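Undergrad: Got a predicted structure here, sequence first:
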Amino acid sequence: MLLEYKSKNAAAFCGKARLYMESSLLPLLGRTLVIVAHPDDESISCGGVLQRMREPCVVFATDGAPEDEYFWRRYGTRECYAALREEEARAALGEVGVPDVEFLARQAELPLVDQRLYAALPPAFSALARLIEKRQPECLLTLAYEGGHPDHDAVSFLSAQLGRAFSLPVWEAPLYHRSTTGEGVYQQFVEEGDEVIEHNVIGDELQAKVRMLGCYKSQFNALPSFSTERERFRPQAAYDYSQRPHSGNLNYEIWQWRMKPEEVCAAFVDFERSTAPLQK
């Protein structure tokens with residue numbers, strides 16, 4: 001009897017905790033525009049919560065295919081690799097019943113190439129603004145400004161600008177960055193606070209998320225570092241995009257990619273200056 005009593009109390013506690021989590025995440029659970037950089041970002045960051053949204057629409061801001069042949073050589077051409085990543089994304093979202101998906105690279109005036117989103121902010125912003133006017137979302141969900149990938153930082157910046165322009169709440173989720181001592185940090189914000197809400201993905205929801213991730217066979221080697229059971233969210237922090245996300249080496253510096261953090265930040269500053277008269 002005592003064991004049964006404890007079991008019932010534990011179940012009741014879990015139920016209350018889940019109701020509290022859902023009420024805390026309520027701004028995300030309606031008509032939400034999920035703005036991410038690449039196919040698979042959505043599955044890792046919010047594949048569980050995505051299943052709870054009433055009207056989600058997922059937007060991929062780049063074509064997912066870098067210019068460097070290293071990434072696409074085995075698929076023949078960069079274009080073939082981009083097409084494969086789109087196919088994987090559609091299959092992944094199909095696993096959780098999300099039919100609304102937008103590939104921004106098909107709509108922008110200029111190519112939106114993986115790793116180069118910071119160099120194409122004006123066309124990306126214009127295409128996203130048109131989507132917001134069309135979709136009329138109640139909230140935006142994007143990635144954190146953390147220095148893991150320049151495209152992740154670019155969608156964070158663009159979402160902040162869009163939230164301001166359209167008076168929309170913006171939420172964010174972390175993916176990865178390097179600590180100030182160089183270690184890889186996954187699914188934690190650079191600066192954590194009490195406002196972070198953690199969603200534990202379990203049961204059928206977890207199984208569906210695992211199937212989503214399984215669709216990304218081209219990215220399989222990169223995915224095991226992430227926890228499938230944990231998703232973390234908060235209202236977007238008030239970032240200073242003119243400054244690098246943190247004082248340590250950024251992930252793409254360690255990878256020795258061609259862009260420098262100062263170049264990415266300068267692109268953000270230039271965009272804000274060019275649009276300042278329009279935002280008054």
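TA: Structure received.
Undergrad: Return the residues in contact with G48.
TA: H199, V201, E205, L206, K209, E231 (CB atoms under 8 Å, 6 or more residues apart in numbering). To be clear about C-beta, it is placed using only N, CA and C from the backbone, and glycine gets the same treatment.
Undergrad: pLDDT wise, what is S225 at?
TA: Note for S225: predicted pLDDT of 81.
Undergrad: Going along the chain, name the helices of this structure.
TA: Here the chain has its helices, by DSSP state H, at 2-24, 41-46, 69-72, 78-95, 121-135, 150-166, 203-214, 251-254, 261-279.
Undergrad: Out of the ones you listed, indicate the one that is most buried.
TA: helix 41-46 (a mean of 27; mean count of other CB atoms under 10 Å).
Undergrad: Name the surrounding residues that touch that helix.
TA: 34, 36, 50, 58, 60, 89, 92-93, 141, 143, 152, 173-175, 187, 209, 212-213, 215-216, 223, 226, 231, 233.
Undergrad: do the same with stretch 121-131
TA: Contacts of stretch 121-131 (CB under 8 Å, 6+ apart): 33, 35, 57, 59, 61, 102, 104, 107-110, 112, 117, 154, 157-158, 161-162, 165-166, 267-268, 271, 274-275.
Undergrad: try 10 Å
TA: Stretch 121-131 is touched from outside by 33, 35, 57, 59, 61-62, 102, 104-112, 117-118, 120, 137, 140, 154-155, 157-159, 161-162, 165-166, 267-268, 270-272, 274-275, with contacts defined as CB atoms under 10 Å, 6 or more residues apart in numbering.
Undergrad: Distance from the chain centre to it, please.
TA: Remark: stretch 121-131 is offset 17 Å from the chain centroid, using CA atoms, centre = their mean, to the nearest Å.
Undergrad: For it, list the C-alpha coordinates in PDB.
TA: The C-alpha trace of stretch 121-131 is given here as PDB (Å, rounded to 0.1, in the frame of the first residue of the first chain):
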ATOM      1  CA  LEU A 121      21.000  40.100 -43.900                       C
ATOM      2  CA  PRO A 122      18.900  42.600 -45.900                       C
ATOM      3  CA  PRO A 123      17.400  40.000 -48.300                       C
ATOM      4  CA  ALA A 124      16.900  37.500 -45.400                       C
ATOM      5  CA  PHE A 125      15.100  40.200 -43.400                       C
ATOM      6  CA  SER A 126      12.900  41.200 -46.300                       C
ATOM      7  CA  ALA A 127      11.900  37.600 -46.900                       C
ATOM      8  CA  LEU A 128      11.200  36.900 -43.300                       C
ATOM      9  CA  ALA A 129       9.200  40.100 -43.000                       C
ATOM     10  CA  ARG A 130       7.000  39.000 -45.900                       C
ATOM     11  CA  LEU A 131       6.500  35.600 -44.200                       C
END
